[in-house]
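K.L.:
Provide a 3D model corresponding to the input given below.
(one chain, ligands or ions: 1)
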Amino acid sequence: MAVRSVRRMGDPLLWARAQEVTDVSPAALADLVRDMKDTMAALNGAGLAAPQIGVPLRVVVFGVGANPRYPGTPEIPETILVNPLVEPLSDEQEEGWEGCLSVPGMRGLVPRYRRVRYRGLDIEGAAIDREVEGFHARVVQHECDHLDGVLYPSRIRDLRFFGFESVLFPEGFAGADG
Ligand code: NI
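P.N.:
As a prediction, the model looks like this:
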């Protein structure tokens, strides 16, 4: 188990495009993926991208389990995606609140495509090809943005809806960072 430190906004690596993984064998990726999962779990994250722990490769992990504290929060199966591709299934977008492990303590209202198709390889090299919507689609778009050097504050349309979680949501916020 290795929980790695997460790079925070201001670090140039977070604004850089990550490289395609050329050796997609489980042996090559096992340590990285294990560290990403350990780090995400330790921080109660909804997702994590490799550049966030300082590895500039196109790998993301995400997943949201049932949480008895937040009934009604949609579940997302735990997923590892290597060299992902994301494409919108329609032009329709919706706004939703996001947070990021690289921007701790903050929340922002971010427009995302409502329905997307995503593809990639899992840790065993098997193809993943899913069509998803809503929160699942949002998490995938947030994580894959990290691989293109995009942090969610760049996508906020109105900065009045960007701020400290404790100020925006004094009663608490039922959600996880990615
Ligand atoms: Ni993030």
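K.L.:
For the protein, just list every one of the helices.
P.N.:
26-42, 134-147, 165-168 (DSSP state H).
K.L.:
and of the ones you listed, who's closest to the ion?
P.N.:
Distance to the ion, taken as CB to the ion, is lowest for helix 134-147 among the helices of the chain, at 5.5 Å. Where C-beta positions appear, they are placed from N, C-alpha and C, glycine not excepted.
K.L.:
Comparing the helices of the chain, which comes out most buried?
P.N.:
Ranked by mean neighbour count, those are led by helix 134-147 with a mean of 23 (mean count of other CB atoms under 10 Å).
K.L.:
partners of the closest residue to the ion within the chain in the sheet?
P.N.:
For the chain, the residue closest to the ion is Cys100, as judged by CB to the ion, at 3.2 Å. For Cys100, the residues forming beta bridges with it (DSSP bridges) are Val103.
K.L.:
number of nearby residues for it?
P.N.:
Close neighbours of Cys100, defined as other CB atoms under 10 Å, add up to 29.
K.L.:
and it, how far is that from Ala127?
P.N.:
As judged by CB to CB, to the nearest Å, Cys100 and Ala127 stand 28 Å apart.
K.L.:
same deal with Arg34?
P.N.:
Following CB to CB, the distance that separates Arg34 from Ala127 is 22 Å.
K.L.:
Show me what from this structure comes close to the ion.
P.N.:
100, 178 (CB under 5 Å from the ion).
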